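Participant: here's my sequence, what's the structure:
(one chain, ligands or ions: 7)
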Amino acid sequence: MRSFLYLASLVAAAEPFWNEPDTGLETFLSGTNWTEGTQPALKDIRGIPDFDFAARQKLDNQQYSFYRTASAGEYSYRNNLEIWSKVKFRARMLTDVTKVNETLATQILGYNFSAPIFIAPAARGAYADPERAELNFVEASGSENTLYTAALYASKTIEELAAVKSNNTLNGPQVIFQQIYTNSNLSVTWDQIARAERTGAKAIVWTIDAPATSVRHRAARYDTTNANAVTSALTWDIYDQMKNRTSLPIIPKGISTVEDALVAIEKGVKAIYISNHGARQLDHSPSPLEIAYEIHRNAPEVFKKVEVLADSGVRYGADVLKLLALGVKAVGLGRPFMYANTYGLEGVTKAIQILKQEIASDAAQAGIHDIQNISPKVLNTRALEADVYIMED
Ligand SMILES: Cc1cc2nc3c(=O)[nH]c(=O)nc-3n(C[C@H](O)[C@H](O)[C@H](O)COP(=O)(O)O)c2cc1C
Ligand SMILES: *[C@@H]1O[C@H](CO)[C@@H](O)[C@H](O)[C@H]1NC(C)=O
Ligand SMILES: *[C@@H]1O[C@H](CO)[C@@H](O)[C@H](O)[C@H]1NC(C)=O
Ligand SMILES: *[C@@H]1O[C@H](CO)[C@@H](O)[C@H](O)[C@H]1NC(C)=O
Ligand SMILES: *[C@@H]1O[C@H](CO)[C@@H](O)[C@H](O)[C@H]1NC(C)=O
Ligand SMILES: *[C@@H]1O[C@H](CO)[C@@H](O)[C@H](O)[C@H]1NC(C)=O
Ligand SMILES: *[C@@H]1O[C@H](CO)[C@@H](O)[C@H](O)[C@H]1NC(C)=O
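Facilitator: Ligands and ions are numbered 1, 2, ... in the order given. Now for the predicted structure:
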């Protein structure tokens, strides 16, 4: 037993299980009047991973587990966080990067945003802020001029979210996209799409990577169900029917192979969303960096033909830059914003600001003077080459 434990601790030392790296936050707090179980002051939050620690202080175990859970052994969850280290920057020096933060802005489906990041759709915002829930996501995105993609299973209704949209953004009235799930009763879906249209949503994000209940031990302990717990017949035929019902662009969320990216293009989509759902659906599904690289290697034209959104495991400005360099247009984060919302509107706003700052700073450090025209040459992707899938002719 003893030698087993010893061995286990050696293995643990070699391959630590982590949510967030040691950011020095706990060391810092130990020198203050902070007590465990209370949140640090928001001013002491310096990076996105700090919000995970802060959320653990406030949420109860059931709530935190619902946000944090991932599928099965959570190998994909850890891979989502760790994969970034495999790709190094090839920073060119002496390239005058003084204007880099004027290039942070982007367009998504023709709408103007101040930065290539967005809040990914995630259910049950009320755990973090019982009163305001996702209203904080709408308001922070409005004032920061970034995109919010509302979850169908948000704690607030489509109408409640629309009611707090800003009237004064780079697009005039605030642009939000509406995520939906479909199941066997499509008349429910038609109703949801009609509500999204009525309240002015500008795109439908259709989640295609939840065809069945998923294996989530961490959340199951609290009998916390999945977002989509029924097995449903998800097919491209539903896309065709949806196209018939709405003129809004439909963005399939959960594309994880080059083949599906190509089918989506054949179907005429304007954008695709690569994701493994924050590793919450299928363990051993690939991270967005691996998916983007598979597409880059096999069908690089995908990034020109459609706009590519991506999420899962993004925690730093540098992660965002790596996806942008492969051709991704904008990058979403799920858990970090749910955790930031334990501080309410101010926390969500700070999370967006941290990301903007890190993207601009890291771009400059990497010798990128124009984020809108970032080259794949800024990355050394040799380590991904060993595992990448190559399509047969
Ligand atoms: C608590 C939680 C709830 C989620 N609910 C949904 C959902 O209702 N619909 C959906 O398409 N994705 C949902 N997701 C997945 C996110 O949209 C996103 O793909 C994922 O969180 C990205 O990974 P990250 O958390 O590592 O950033 C959820 C994620 C979390 C963490
Ligand atoms: C802890 O210290 C901060 C200033 O460092 C102060 O603002 C705060 O009120 C203190 N909190 C408690 C509970 O003493
Ligand atoms: C935006 O304008 C509409 C219509 O004038 C108004 O009802 C709404 O309250 C305004 N929203 C905000 C956040 O001020
Ligand atoms: C986006 O910005 C461009 C350039 O400033 C402007 O011409 C365009 O009208 C804006 N689009 C929207 C939807 O506001
Ligand atoms: C499908 O949903 C609609 C609208 O909610 C409902 O009226 C209808 O009874 C449902 N049909 C089935 C077969 O459950
Ligand atoms: C779309 O609508 C047309 C015209 O109403 C109809 O003929 C066609 O079968 C519909 N297609 C789908 C996939 O629902
Ligand atoms: C852009 O640069 C200025 C000055 O260098 C800085 O104050 C500002 O915070 C930067 N903006 C972003 C989004 O990084």
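Participant: where does this protein dip in pLDDT?
Facilitator: 1-18, 225-231 (pLDDT under 70).
Participant: around ligand 3, which positions in it sit nearby?
Facilitator: Contact residues (C-beta under 6 Å from any ligand atom) of the chain with ligand 3: 164, 166-167. In short, each C-beta sits where N, CA and C put it, glycine included.
Participant: which one of these is nearest to ligand 5?
Facilitator: residue 164 (26.5 Å; C-beta to the nearest ligand atom).
Participant: and the residue of this structure nearest ligand 5?
Facilitator: residue 185 (3.7 Å).
Participant: list the buried residues of stretch 165-175.
Facilitator: 165-166, 169, 171, 174-175 (16 or more other C-beta atoms under 10 Å).
Participant: as a markdown table, those with secondary structure and distance to residue 191 would be great.
Facilitator: Listed next are the buried residues of stretch 165-175 as a markdown table, based on DSSP: H, G, I helix; E, B strand; the rest coil; distance: C-beta to C-beta, whole Å:
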| residue | secondary structure | distance to residue 191 |
| --- | --- | --- |
| 165 | coil | 21 |
| 166 | coil | 27 |
| 169 | strand | 28 |
| 171 | coil | 26 |
| 174 | coil | 23 |
| 175 | coil | 22 |
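Participant: so which of those residues are also by ligand 4?
Facilitator: residue 171.
Participant: ranges for the strands of the stretch 1-150 of the chain?
Facilitator: Secondary structure of the stretch 1-150 of the chain (DSSP state E, counting those that start in this stretch): strands at 88-89, 106-108, 111-113, 117-119, 147-150.
Participant: my error: substitute the stretch 201-350 of the chain in the last question.
Facilitator: 204-207, 250-255, 271-274, 307-311, 330-333.
Participant: before we move on, the earlier item: can you give me the distance of the residue of the chain closest to ligand 5 to residue 238?
Facilitator: 12 Å (C-beta to C-beta, to the nearest Å).
Participant: more neighbours, those two?
Facilitator: residue 238 (17 against 10; other C-beta atoms under 10 Å).
Participant: flag every residue of the protein that's near ligand 4.
Facilitator: 111-112, 171.
Participant: so which bits of the stretch 251-393 of the chain are right by ligand 1?
Facilitator: Residues of the stretch 251-393 of the chain lying near ligand 1 (C-beta under 6 Å from any ligand atom): 253, 275, 277-278, 280, 311-314, 333-335, 338.
Participant: quick one: residue 25 and residue 50 touch, right?
Facilitator: Yes. Residue 25 lies in contact with residue 50 (C-beta atoms under 8 Å); the separation is 5.3 Å.
Participant: distance-wise, check residue 55 relative to ligand 3.
Facilitator: Distance from residue 55 to ligand 3, counting by C-beta to the nearest ligand atom, to the nearest Å: 27 Å.
Participant: one more: residue 143?
Facilitator: Per C-beta to the nearest ligand atom, residue 143 is found 10 Å from ligand 3.
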